[in-house]
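Participant: requesting a structural model of the entry that follows:
(one chain, ligands or ions: 1)
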Amino acid sequence: MTATIIDGKAFSARVRAEAGRKVMVLKEQHDLTPGLAVVLVGEDPASQVYVRNKGKATVEAGMKSEEIRLDVTATEQEVLDVVHRLNADPTIHGILVQLPLPKQVDEMAVLDAIDPMKDVDGFHVINTGRQAVGLPAMVPCTPLGCLMMLKDTLGDLSGLNAVVVGRSNIVGKPMASLLLSENCTVTIAHSRTRDLPAVCRGADILVAAVGRPEMIRGDWVKPGATVIDVGINRIPKEDGKTRLVGDVCFDEAVEVAGAITPVPGGVGPMTIACLLANTVTAACRQAGIDEPEV
Ligand SMILES: Nc1nc(=O)c2c([nH]1)NC[C@@H]1CN(c3ccc(C(=O)N[C@@H](CCC(=O)O)C(=O)O)cc3)C=[N+]21
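Facilitator: Alright, predicted model coming up:
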């Protein structure tokens with residue numbers, strides 16, 4: 001039996017279309033145009049592509065998009081000044097500072113400066129804490145996208161064993177916290193975990209977010225499990241070009257899993273769609289209105 005392939009690209013198109021319909025209602029009924037600002041420091045080519053895609057998706061959904069580019073030599077104060085200006089701008093409801101930042105800029109200080117209400121990445125400690133205790137919060141886009149695909153595939157997640165491989169602040173930890181909120185039994189595994197393959201084999205839900213190309217093999221997957229591959233690794237091909245692979249060895253895992261996300265076309269597109277959804281949510285909360293039902 002081969003696994004069902006979870007089509008993140010198709011799913012993300014539905015999420016983006018829904019965000020677009022909400023934006024239409026907000027414009028017509030509340031004279032409110034949600035605005036998203038993306039701050040990019042430096043010229044990392046991968047980040048540039050990603051930032052351009054975000055800008056395009058934002059405009060397609062009818063929102064205002066602003067891109068702020070700073071030189072790779074920008075000081076921390078220059079980045080903070082941009083954040084402060086965006087915090088004060090009433091036409092901007094979401095602020096995303098593209099990570100990683102150059103080494104002279106303290107990431108934590110920048111994230112801490114973002115108004116938590118405008119923190120569409122959900123990386124501010126206020127949002128991390130609010131999510132953890134069950135208060136309304138901005139939830140990080142990648143884990144949110146993963147959760148949407150899991151619920152769409154499995155329905156109620158209560159009681160399932162979830163193993164998250166990776167403990168980053170941007171994916172692993174918030175993913176684990178969201179799965180706990182859905183009543184999963186959650187294990188966070190990482191580089192020091194003993195007998196990682198055996199731990200993974202206990203997972204009904206296996207989320208791979210380690211950043212190591214094809215580390216998770218087919219025989220680490222419990223038959224029938226749902227596998228979410230967060231990894232996006234560019235590796236060289238024989239012909240000198242490159243290809244994208246996840247943290248899961250797809251060709252092996254697809255033979256064992258019940259359902260699996262591909263790379264590309266899985267988690268990545270959902271991340272961008274959730275960014276738009278979060279920006280709509282943020283705009284409604286800032287305006288003190290209920291999010292439209294569409
Ligand atoms: N503050 C911040 N928030 C982020 O959410 C954030 C960030 N910084 N820094 C970089 C990472 C990376 N990231 C991606 C999102 C979508 C795709 C995506 O759409 N990928 C496509 C293919 C992309 C390709 O072909 O290269 C896919 O997987 O199908 C990729 C990568 C968000 N990040």
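
Participant: secondary structure element for residue 49, which one?
Facilitator: helix 45-60 (DSSP states H and E).

Participant: which other residues reach the following helix or strand past that helix?
Facilitator: Under the assignment DSSP H and E, the closest C-terminal helix or strand after helix 45-60 is strand 64-70. Here strand 64-70 makes contact (Cβ atoms under 8 Å, 6 or more residues apart in numbering) with 33-42, 51, 54-55, 58-59, 78-79, 82, 86, 91-92. Heads up, the C-betas are built off the backbone N, CA and C, glycines and all.

Participant: I'd like to know which of those residues are buried.
Facilitator: 34-42, 51, 54, 58, 79, 82, 86, 92 (16 or more other Cβ atoms under 10 Å).

Participant: and the furthest pair within the residues you listed?
Facilitator: Farthest-apart pair in those is 34 and 42; separation 26.9 Å (Cβ to Cβ).

Participant: quick one, helices of the stretch 101-250 of the chain?
Facilitator: 107-113, 125-133, 141-154, 172-181, 196-201, 250-253 (DSSP state H, counting those that start in this stretch).

Participant: please name whichever of those helices is nearest to the ligand.
Facilitator: Go through the helices of the stretch 101-250 of the chain one by one with Cβ to the nearest ligand atom and the one that ends up closest to the ligand is helix 141-154, at 5.2 Å.

Participant: what does this protein have sitting close to the ligand?
Facilitator: Counting by Cβ under 6 Å from any ligand atom, the chain comes close to the ligand at 50, 96-99, 121, 141-142, 232, 244, 263-265, 268-269, 271-272.

Participant: export the helices of the stretch 101-250 of the chain to a markdown table and tack on mean neighbour count and mean pLDDT?
Facilitator: Output for the helices of the stretch 101-250 of the chain, formatted as a markdown table (neighbours: other Cβ atoms under 10 Å; pLDDT from 0 to 100):
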| stretch | mean neighbour count | mean pLDDT |
| --- | --- | --- |
| helix 107-113 | 16 | 98 |
| helix 125-133 | 16 | 98 |
| helix 141-154 | 22 | 98 |
| helix 172-181 | 22 | 98 |
| helix 196-201 | 16 | 98 |
| helix 250-253 | 18 | 98 |
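
Participant: quick revisit: in helices, which of the contacts of strand 64-70 fall?
Facilitator: Counting by DSSP state H, the part of these found in helices is 51, 54, 55, 58, 59, 78, 79, 82, 86.

Participant: okay, the third one: pLDDT?
Facilitator: So the one you mean is residue 55. Model confidence at residue 55, given as pLDDT, is 93.

Participant: ditto for the fourth one
Facilitator: On pLDDT, residue 58 comes in at 97.

Participant: what do you get for residue 44?
Facilitator: Reported pLDDT for residue 44: 82.

Participant: wait, what's in contact with it?
Facilitator: Per Cβ under 8 Å, 6+ apart, neighbours of residue 44: none.

Participant: now it: how far from residue 290?
Facilitator: Between residue 44 and residue 290 the computed distance is 39 Å (Cβ to Cβ, to the nearest Å).

Participant: quick one, phi/psi of the residue of the chain most remote from its centre?
Facilitator: Farthest-out residue of the chain from its mean C-alpha position, per Cα atoms, centre = their mean: residue 239, at 31.6 Å. With angles defined as degrees, to the nearest 10, residue 239 sits at phi -80, psi 10.

Participant: and it, how far from residue 213?
Facilitator: From residue 239 to residue 213 the distance is 18 Å (Cβ to Cβ).

Participant: go on, residue 190?
Facilitator: From residue 190 to residue 213 the distance is 17 Å (Cβ to Cβ).

Participant: those two: which has the busier surroundings?
Facilitator: Neighbours were counted for residue 190 and for residue 213 using other Cβ atoms under 10 Å; residue 213 has more, 17 against 13.

Participant: and the end-to-end length of stretch 182-196?
Facilitator: Taking Cα to Cα, to the nearest Å as the measure, stretch 182-196 stretches 24 Å from start to finish.

Participant: in that stretch, what's buried?
Facilitator: Buried residues in stretch 182-196 (16+ other Cβ under 10 Å): 182, 184, 185, 186, 187, 188, 189, 193, 196.

Participant: for the ligand, what's the nearest residue on the protein?
Facilitator: Counting by Cβ to the nearest ligand atom, the chain gets nearest the ligand through residue 268, at 2.3 Å.

Participant: contacts only, for that residue.
Facilitator: 8, 232.

Participant: in what helix or strand does it lie?
Facilitator: Using DSSP H and E, residue 268 falls in helix 267-287.

Participant: hey, what's the angle from that helix to helix 141-154? Just curious.
Facilitator: 110 degrees (axes from the mean of the first three to the mean of the last three Cα atoms, to 10 degrees).
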